[in-house]
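Asks: have a look; sequence and predicted model below, questions after that.
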Amino acid sequence: MRWDQSLRWMLMLSLEAHLGVALLVLLGFLSADFGTMLALAVGGSLLLALGGWLYQGGGRSMVLVVMLYPLVAVVGLVSYLLVGSALVAVVLAGLFYWRIMTVVPLQLYDYDYLRRFFSTAVVYGATLAIMAFSDKGHTADVFGMLAVLVGWYALVGYGEYLTRELPSGMSVDQRMLARLTWQQAQVQLGLTALYALAGSLVLGVLWGVWLLLQDPAKAVASYIFTPLFQLLEGGLAQLTEKTSQNKKVQDLLQPGGSDHPGADGSLADGPSLATLAMPYITGGLVLIAVLAISWWIWKRRNMSQIDAPPAPVTTAAPAQVSVIHPADTGSDGQSDQLRSLETKWSVPKDDPVRHTYYLFLRYMAGQGLVIEPDETSQEFLRRVRAVWTDAARILLAESITRVYEQHRYGQGGIKQEDIAQLLEDFHALESAP
Amino acid sequence: MMNTYTAFRLLGALFLFYALVSGSWFLWLFGGFFFFLLAVHRWWSPRIPHYVSVSLSAEMTRVMPHTPVEIRVTMQNRSWLPLAFARVSFSLPESVQVEGADEVKWINKRNYVQLVMQLPRRAQVERTLTLIPQKRGVIWLTEMSTEILGPYATEVSRHDIQAELSLLVYPEVQAVPPLSVGHTQPQGNRLSAQRLQDDVTFMRGIRPYAAGDRLKHIDWKASAKTRELQTRQFEYTAYANWVIVGHILPSYDARTQTSNDTINEKTISLIASLATRCRRDNQMYELLLNVKQRGKEWFHLAQGNSKAHHVQVMTHLAKLHQYLPTSFVVLLRRLTHSCEKSAWVIVTPRLDEEVLAEAGMLARRGHAVIVFDTSEDNPMPRRITPQMGGGARQLAQENMGTTPSIARGLAHKEVRRI
C-alpha cells in the first residue's frame, strides 16, 4: 500500500479519535478539560495510526500482526486507568480493534471524513447544551476543542484531497507539494485571522449599538408594556383567587392533596411578568429599530442608483409628457427613456459642445421631452417650440441647438466665445423657472 | 447524501442558536465561521475563470496522419491561492494517440486525457503533450474542464474552460501508379465546333495571312515591313485539363444496412493521393465530389495546381464530415455536356452498370476516362475506351501499368461483371 493511502486512513482514524473523546465527555466518563481532551485525541490518533500500521504490516511480517494484540491490551489498560470502569475499558479496547479492522481496508471518500467531523461537532454541541443546563464544567474547554477540531478538519480536508487516487505512474514533486501546502496554510490562516478580526469588530459594533439603544428602548418598553403587564397580572391574580376558592378545580389540579409548595398559585412570590419579559421586549425593539434603519439605508442606496435628471421636474411636466407621448405616461417609461438616452449618447467630456448638448437633452428629458432615436436636432427643436410657450426658454433652446449644429456639422470649427455663450445659455435654461 | 454545504449550514445554524441562547462571543464567531467558509467558497468558485486560465498552443496545426504533434498546455494561476493537484481534463477522438499525459482513459469511443498540475500562487505551469492522429479530420481542443480545490479545502470546484486549438489532419496519402493520359495536348482537341483559339499571351511568330485568319491577329507592323499581310502565330492552347471525380457513399446505407465509413475513407484517401500526385507532377486538375455544397448538388473545386489550391483540396477532403451525398450517376451525366476535352479520373467504390455506362458515354465524347474501383483491396487505374460499334455496356477496360495478361484478365472480369 502506498504512503498516500496509509495517510488517508490515518486521517480518518484521527477524526474518529476526536469523536470518541467527544462521546466520552458527553457521557460523563471524561472530564471536560481541554488538556485532557486534547491529549486523549492526539494520543488516540497516534495509537490508532500505530494499530493500523501494525495491521497493515501483516502482508509483510507476521510479527507485526501479532504485535497488534498487545497494543489492544495496552489500550484497554490505559482506558481502565483513565475511566475507572472495567466494562468501559473493555468496550474501548474492542472499539479500538474494531475500528482498525474496519477503516484500514476501506476505500475512503471525502464525505466519510465530513460525516465524522459533523458528528463530532454535533456531540460537542450537545455537550455544551448539557453544560448550559446543568451549570457544570467549563465551556471554554469545549470551545477550545471545537476550534481544534475545525482547524484539524481543514488540514484533514486538504490531506484528503492530496491523497486522492492519482493516475498510476505519476511522479509527485515532494518539495513542490510541501511548498504548496505551506502556501495553502498561509491562505487559510490569513483568512481565518481576517474573519476573526472582522467578526470581532462587527460584534463589538453591535454590542456598542446595543449598549447605546438598550436604555432608551428599555424605557420605551417599560412605558408601553408595564401597564399592560400589570393589567394582565391583575387579571391572572383574580383568576387564581377564583380557582383557589373552587374545590372542584383544586381537586382536579391537585388530586393528592394540597401540600405542594406554591400550590396556592400566588404570583407575588416570583418576579413579576414585566420583569421577566422586559429584556426580550427590549431586544425586540432594538432589533426592529436596527432592521428599520437597515431598510432605510438600503432603500436610500437603491434609490440613489437611479440617476435622476439634474433639474427638478416642474409640475407641468407630466401633462407635457401626456400630450406628446400618450403611451409614456408612467414614470417607469420615462426612466427607461432616460437610460436609453444615456446609453445612446456616450459623449466624451473633452468635447464641451457635445457634452453640453447632451446635458441639454438630459434636462429636456427631465422636462418630459425626450429626443427620439430617429429625430434630428432641428426636428426636436420644432417639437420643443410646439410644446413650450415661454419665448425666452425657446430662444435659449434655439441658441443651444444652433451652436451644437454649427459645431457638429459645420466646416470651419467653432469659436471660444460661442462655447462660452452655449454654456451660459444652458445654465440660464437650467435656472429658468 | 450530506455534502459540505449542508453540513456547514447545519453546524453554523446550530452554534449560532447556541450563541443566541448563551450570548457567548466565541459561539457567535464559531457559528458564523461555517457561513464564512461557505461565503468564501461561493466567492471563489465563480471567479476561478478570472484567476485561472488554460491555454493551448501547437507547433503545427495542419498535419499528415501518424505525425506527432507537440501541444503545449499552459495553466496560469493569477490568484494568491496555490493550486495543488489541479486537474485539467479534455477528450479526444479514439483515433488520436496521446503521449505525455498523466492519465488517458478510453470511454465511449473517446480518449479522456487528464493532466495533474501543481501551481504555486501567481505562477504558471507548462506541460507538453504529444498527439499522434491516426485518421483524417479535425481534432477540436476547445472544451476543457478543470478541478480545483477551494481556499479551505472543503469542496472541489469544477469548471469548463474554453480553449482555442484545432488540428487539421489531412487524409492519408498512398502510392498511386503514374497515369499516362492527359498529358499536354496540342491545339485542336476541343470537342465543339467553335473556332479554335491559341494562347494569345505568348507569341510564337508570324506567317503570311491566309483566308479565314482572324483580322485582329494581323500584325500590321510586320505587314508594312514585308509589304504583305502577316498573321501572328501564338503558342498552342496546350494544357491538360484533368478532372478528378470522387464518388462518396452515404455514411449509412439503410437499404443494405451497412456502414460505408471505411470505404469512404478509402475513397477520400485515394482522391487525396491523386491530388498529391497531380501537385507533384505540376498537373492542373479540378475536383468534383457528389456531395452537396452551398446549395449546389455537388462539390466543385476550380482548376489549379498551386500550393494554395492543393492545401484547399486537402483541407476540404480532411473536413469532409457530415456530408449529404447526391447521385453520382446524375453528376457524370451532367459532365457529358462539357465541351473541353479532359482527362476524367473517376474514383468510385461502386463500379456498377450505370457508372460504367456514363463513363463510356464520356469516353465516346472524346474524353480520356480512367476509373479507380476503391472496393478492391488494391485499386488500380483502368482506362475506359468506347467499343467501336458497341453500346455503352460493351466497354473494354485495360489495366494501366500492368502486364498485358493482367490487363486482359481484368477486362475479361469487367466484361463478365457487366
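Replies: Thanks, I have the structure now.
Asks: report pLDDT for residue A:221.
Replies: For residue A:221, the pLDDT comes out at 82.
Asks: do I have it right that it meets residue A:285?
Replies: Yes: look at residue A:221 against residue A:285 with CB atoms under 8 Å: they come within range, at 5.7 Å. For the C-beta atoms, the positions are set from N, CA and C on the backbone; glycine is no exception.
Asks: just give the number of residues close to the residue nearest to residue B:164 when sequence neighbours are not counted.
Replies: What sits nearest to residue B:164 in space, not counting adjacent residues and going by CB to CB, 6 or more residues apart in numbering or on different chains, is residue B:142, at 6.5 Å. A count of neighbours around residue B:142, defined by other CB atoms under 10 Å in any protein chain shown, yields 12.
Asks: repeat for the one 4 residues further on
Replies: When counting by other CB under 10 Å, one arrives at 24 neighbours for residue B:146.
Asks: do the same with residue A:356
Replies: Around residue A:356 there are 21 other residues, counting by other CB under 10 Å.
Asks: so it sits in a helix?
Replies: Yes: under DSSP: H, G, I helix; E, B strand; the rest coil, residue A:356 sits within a helix.
Asks: could you list the low-pLDDT ranges of the chain?
Replies: Since you didn't name a chain, this refers to chain A. Along chain A, the parts satisfying pLDDT under 70 run over A:1-2, A:58-59, A:254-271, A:303-349.
Asks: hmm, I had chain B in mind actually
Replies: Looking along chain B with the criterion set at pLDDT under 70, you get B:1-2, B:153, B:180-199, B:235-240, B:339, B:387-418.
Asks: what are the structural domain limits within it?
Replies: Here the domain assignment for chain B is B:50-169, B:200-235, B:242-417, based on automatic domain parsing.
Asks: out of those domains, nearest to residue A:139?
Replies: Across those, residue A:139 has its closest neighbour in domain B:50-169 (25.5 Å, CB to CB).
Asks: measure the closest one end to end?
Replies: For domain B:50-169, the separation between the terminal residues is 33 Å (CA to CA, to the nearest Å).
Asks: okay, and whichever residue of the stretch 301-433 of chain A sits closest to chain B sits in which element?
Replies: Chain B sits closest to residue A:301 of the stretch 301-433 of chain A, with a gap of 20.9 Å, by CB to the nearest CB. Take DSSP states H and E as the rule and residue A:301 turns out to sit in helix A:273-305.
Asks: just the buried positions in that helix, please.
Replies: Neighbour counts over helix A:273-305 (16 or more other CB atoms under 10 Å in any protein chain shown) mark A:273-274, A:278, A:281-283, A:285-286 as buried.
Asks: what's near enough to touch the residue nearest to residue B:164?
Replies: Going by CB atoms under 8 Å, 6 or more residues apart in numbering or on different chains, residue B:142 touches B:162-166.
Asks: next, format the residues you listed as a markdown table and append distance to residue B:9.
Replies: Formatted as a markdown table, the entries for the contacts of residue B:142 read as follows, by distance: CB to CB, whole Å:
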| residue | distance to residue B:9 |
| --- | --- |
| B:162 | 33 |
| B:163 | 36 |
| B:164 | 40 |
| B:165 | 41 |
| B:166 | 44 |
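Asks: which one of those sits closest to chain A?
Replies: The closest of the contacts of residue B:142 to chain A turns out to be residue B:163 (CB to the nearest CB; 20.8 Å).
Asks: residue nearest the centroid of chain B?
Replies: Residue closest to the mean C-alpha point of chain B, counted by CA atoms, centre = their mean, is residue B:318 at 1.2 Å.
Asks: which helices and strands does the helix or strand where residue A:405 lies pack with?
Replies: Taking DSSP H and E as the criterion, the element that holds residue A:405 is helix A:391-409. Under the contact criterion of 3 or more CB pairs under 8 Å, 6 or more residues apart in numbering or on different chains; DSSP states H and E, the helices and strands touching helix A:391-409 comprise helix A:352-366, helix A:377-387, helix A:416-431.
Asks: and stretch A:244-251, how far out from the chain middle?
Replies: 54 Å (CA atoms, centre = their mean, to the nearest Å).
Asks: which parts of that stretch are buried?
Replies: Neighbour-count burial for stretch A:244-251, counted by 16+ other CB under 10 Å, picks out A:244, A:250.
Asks: buried ones in stretch A:100-110?
Replies: Within stretch A:100-110, the residues scored as buried using 16+ other CB under 10 Å are A:100, A:103-104, A:108, A:110.
Asks: sorry, that was for stretch A:55-70
Replies: Within stretch A:55-70, the residues that count as buried by 16+ other CB under 10 Å are A:55-57, A:67-68.
Asks: most widely separated two among those?
Replies: The distance between the two most remote of the buried residues of stretch A:55-70 (CB to CB) is 12.1 Å, for A:56 and A:67.
Asks: enumerate the residues of the stretch 51-200 of chain B near chain A.
Replies: Where proximity means CB under 8 Å from any CB of the partner chain, the interface of the stretch 51-200 of chain B facing chain A comprises B:80-85, B:102-103, B:114, B:116, B:118-121, B:149, B:151-154, B:156.
Asks: pull out the buried members of the residues you listed.
Replies: Neighbour counting over these (16+ other CB under 10 Å) leaves B:81-85, B:102-103, B:114, B:116, B:118-121, B:149, B:151-154, B:156 as the buried ones.
Asks: quick one: residue A:96 and residue A:16, what's the gap?
Replies: With the distance defined as CB to CB, to the nearest Å, residue A:96 ends up 10 Å from residue A:16.
Asks: name the residues contacting each of the two.
Replies: When contacts are counted by CB under 8 Å, 6+ apart, residue A:96 and residue A:16 are jointly contacted by residue A:48.
Asks: my guess is residue B:62 meets residue B:170, correct?
Replies: Yes: checked against CB under 8 Å, the pair residue B:62 and residue B:170 is within contact range at 6.9 Å.
Asks: tell me if residue B:211 really is in a strand.
Replies: No: under three-state DSSP, residue B:211 falls outside any strand and is assigned coil.
Asks: count of neighbours near it?
Replies: Quick note: residue B:211 (other CB under 10 Å) scores 4 neighbours.
Asks: residues contacting it?
Replies: Shown here is residue B:211, which makes no contacts under the criterion CB under 8 Å, 6+ apart.
Asks: how far away is it from residue B:231?
Replies: In this structure, residue B:211 and residue B:231 are 11 Å apart, going by CB to CB.
Asks: ok, residue B:101 next?
Replies: Residue B:101 sits 73 Å away from residue B:231 when distances are taken as CB to CB.
Asks: so these two - more neighbours on which side?
Replies: When residue B:101 and residue B:231 are compared for neighbours, residue B:101 comes out ahead with 25 against 18, by other CB under 10 Å.
Asks: quick check: buried residues in the longest helix along chain B?
Replies: Scanning chain B for the helix with the most residues, using DSSP state H, yields helix B:25-51. Neighbour-count burial for helix B:25-51 flags B:26-34, B:36-38, B:40-41, B:44-45, B:48, B:51 (criterion: 16+ other CB under 10 Å).
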